[in-house]
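>>> predicted model follows, preceded by the sequence.
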Amino acid sequence: MNKFYLKEFQFFDGEDTVVFNIVALYEGSDQITVAVTKNGKITVTDYDLHSDENGLYFEYGIAGQEHIRIDDFEEI
């Protein structure tokens, strides 16, 4: 099992709190699988991973304007 499994991050998108839970993130992969909960609806989605000087992240929201950083996820 990977060390990120089910770690959680909460994000306020301006209207609602969105909860992200990591389902799968494997060493050397360029994708992450995340369960996204918004307004009581859960969606499991794959996102492309990106990297910059602050580490790994995936893009969320309109045109991917929000960067959700993997290091911001916490144990629940």
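In hand now; what should we look at?

>>> residue 22 reaches residue 73, doesn't it?
Yes. Using CB atoms under 8 Å, residue 22 makes contact with residue 73 at a distance of 6.0 Å. All C-beta atoms are positioned from the backbone trio N, CA, C, and that covers glycine.

>>> mutual contacts of those two, please.
Taking CB atoms under 8 Å, 6 or more residues apart in numbering as the criterion, residue 22 and residue 73 both touch 4, 7-8.

>>> which among these end up buried?
4, 7 (16 or more other CB atoms under 10 Å).

>>> which of the shared contacts of residue 22 and residue 73 lies closest to residue 26?
Nearest to residue 26 among the shared contacts of residue 22 and residue 73: residue 4, at 9.2 Å, using CB to CB.

>>> so who does that closest one touch?
Contacts for residue 4 (CB under 8 Å, 6+ apart) come out as 22, 25, 70, 73.

>>> nearest residue to the third one other than its sequence neighbours?
Meaning residue 70. Using CB to CB, 6 or more residues apart in numbering and skipping the chain neighbours, the partner closest in space to residue 70 is residue 56 (4.4 Å).

>>> doesn't residue 72 make contact with the one you found?
No. Using CB under 8 Å, residue 56 makes no contact with residue 72, being 10.5 Å away.

>>> where are the low-confidence patches of this protein?
Low-confidence segments of the chain, defined by pLDDT under 70: 1-3, 5.

>>> just checking: what are the partner strands of the top strand by length along it?
Ranked by residue count under DSSP state E, the longest strand found in the chain is strand 41-52. Paired strands of strand 41-52, with direction, are strand 31-38 (antiparallel), strand 55-60 (antiparallel) (DSSP bridges).

>>> just the buried positions in it, please.
Counting neighbours by 16+ other CB under 10 Å, strand 41-52 gives residue 47 as buried.

>>> restrict that strand to CA atoms and write it as CSV.
This file holds the C-alpha atoms of strand 41-52, laid out as CSV (Å, rounded to 0.1, in the frame of the first residue of the first chain):
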residue,chain,number,x,y,z
LYS,A,41,-21.4,13.9,-4.2
ILE,A,42,-18.3,11.7,-4.5
THR,A,43,-16.4,11.4,-7.8
VAL,A,44,-13.2,9.3,-8.3
THR,A,45,-11.0,11.0,-10.8
ASP,A,46,-7.5,10.7,-12.3
TYR,A,47,-5.4,13.9,-12.5
ASP,A,48,-2.1,14.5,-14.2
LEU,A,49,0.7,15.3,-11.8
HIS,A,50,2.9,18.3,-12.3
SER,A,51,6.0,19.4,-10.5
ASP,A,52,7.6,22.8,-9.6
